[in-house]
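Trainee: Just the structure for this:
(one chain, ligands or ions: 1)
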Amino acid sequence: MNVVVLERLTKQYKTGGGINNVSFSIKKGETCGLLGFRGSGKTTVMKIMAGLTRADSGRTSIFGKDPGKNPERVLGKMGCLIEKPGGYPYLTAIQNLEIIRKLYPGCPRAATEYVLEQVGLAAYQNVRVGTYTPAMKQRLGLAMAILPEPELLILDEPFRGLAAEEKNALYGIIRNQQKKERTIVISSTLFREIDLLCTNALVMRNGTVTGKADARDAADMYGGFEAYCVSRTDAGKKAVPCTG
Ligand SMILES: Nc1ncnc2c1ncn2[C@@H]1O[C@H](COP(=O)(O)OP(=O)(O)OP(=O)(O)O)[C@@H](O)[C@H]1O
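Mentor: Numbers count the residues shown, from 1 in each chain. This next block holds a predicted model:
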């Protein structure tokens, strides 16, 4: 069953950037890596999926509905970490999470403590978020995204700026979500993350999709996602951001 179907999405910003004719689908339980250099259009695609911006043309279907037209039918099933992690800086982690929890009537109080434990912030739950390091804010952003147990997780460059051990902690959280058969979309400029975590990879360049493959095809044809992704970018001609 397809959770995400995007057909011929186009969006042009006044500055000239944007996305052009983007089409792909993601099945339930897949972890799809959206890989591309800076400015290739990853965030724009994710914002359209999350109903945060509208495409100029094309069709967006998430759980069979357009999030721009039916936000109440879609957004409750979706957890997003897009661009900078949120949270009110003058509130503690637990206060921030409680605000979100109350938006979901079925979400028990214990869920707040559980996700704080999961993301390794339990010891800092009563500390104001404004004092957190970028990595802690990133983990809080993830906690906010997974708190209501969403069926679809959209994570825009969740590893950006994190040290190796901080990334490892995040890998663990994402793997836990995979065990629960969540559908996950992760954008990254790094091949390594896609290799480690994803069942499928989708490569973007200059606002268009230049390749789509699942792990088996990428392994059969190229020996893995990394070589596959390189083959679908102009990475050979540029400096390649290929290490974590
Ligand atoms: N709000 C905006 N207004 C004008 N131009 C934009 C806006 N958002 C994105 N763009 C432009 O659209 C193109 C795609 O940007 P987008 O942020 O979607 O790419 P990205 O792959 O997520 O890159 P990054 O990793 O830098 O966020 C870029 O040329 C960018 O400058």
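
Trainee: The ligand versus the nearest residue to residue 147 once chain neighbours are set aside, what's the distance?
Mentor: Once flanking residues are discounted, residue 147 sits nearest to residue 115: 5.1 Å by Cβ to Cβ, 6 or more residues apart in numbering. C-beta here means a position set from N, CA and C on the backbone, and glycine is covered the same way. As for residue 115, its distance to the ligand is 26 Å (criterion: Cβ to the nearest ligand atom, to the nearest Å).

Trainee: what's the answer for residue 80, then?
Mentor: With Cβ to the nearest ligand atom as the criterion, residue 80 and the ligand are 14 Å apart.

Trainee: Could you name the specific helix or strand carrying residue 97?
Mentor: Residue 97 is part of helix 93-101 when elements are defined by DSSP states H and E.

Trainee: Next: residue 19.
Mentor: Counting by DSSP H and E, residue 19 is part of strand 18-27.

Trainee: So in that sheet, which strands flank that strand, and in what orientation?
Mentor: Here strand 18-27 is paired, per DSSP bridges, with strand 2-12 (antiparallel).

Trainee: quick check, the strand it pairs with touching the ligand?
Mentor: No: if you take Cβ under 6 Å from any ligand atom as the test, strand 2-12 misses the ligand, and the best it gets is 8.3 Å.

Trainee: distance between that strand and the chain's centre?
Mentor: Computed by Cα atoms, centre = their mean, to the nearest Å, the chain-centroid distance of strand 2-12 equals 16 Å.

Trainee: In the helix or strand containing residue 114, which residues are buried?
Mentor: For residue 114, the host element (DSSP H and E) is helix 109-118. Buried residues in helix 109-118, counted by 16 or more other Cβ atoms under 10 Å: 111, 112, 114, 115, 116, 118.

Trainee: cool, and stretch 85-101?
Mentor: With burial defined by 16+ other Cβ under 10 Å, the residues of stretch 85-101 counted as buried are 85, 86, 87, 92, 93, 94, 95, 96, 97, 100, 101.

Trainee: Could you do stretch 192-209 as well?
Mentor: Those would be 192-209, for stretch 192-209 by 16+ other Cβ under 10 Å.

Trainee: For the residue in the chain that the ligand sits nearest to, the count of nearby residues, please.
Mentor: Going by Cβ to the nearest ligand atom, the ligand is nearest to residue 17 of the chain, at 2.4 Å. Neighbour count for residue 17, taken as other Cβ atoms under 10 Å: 14.

Trainee: now swap in residue 61 and tell me
Mentor: The number of residues packed near residue 61 is 17, by other Cβ under 10 Å.
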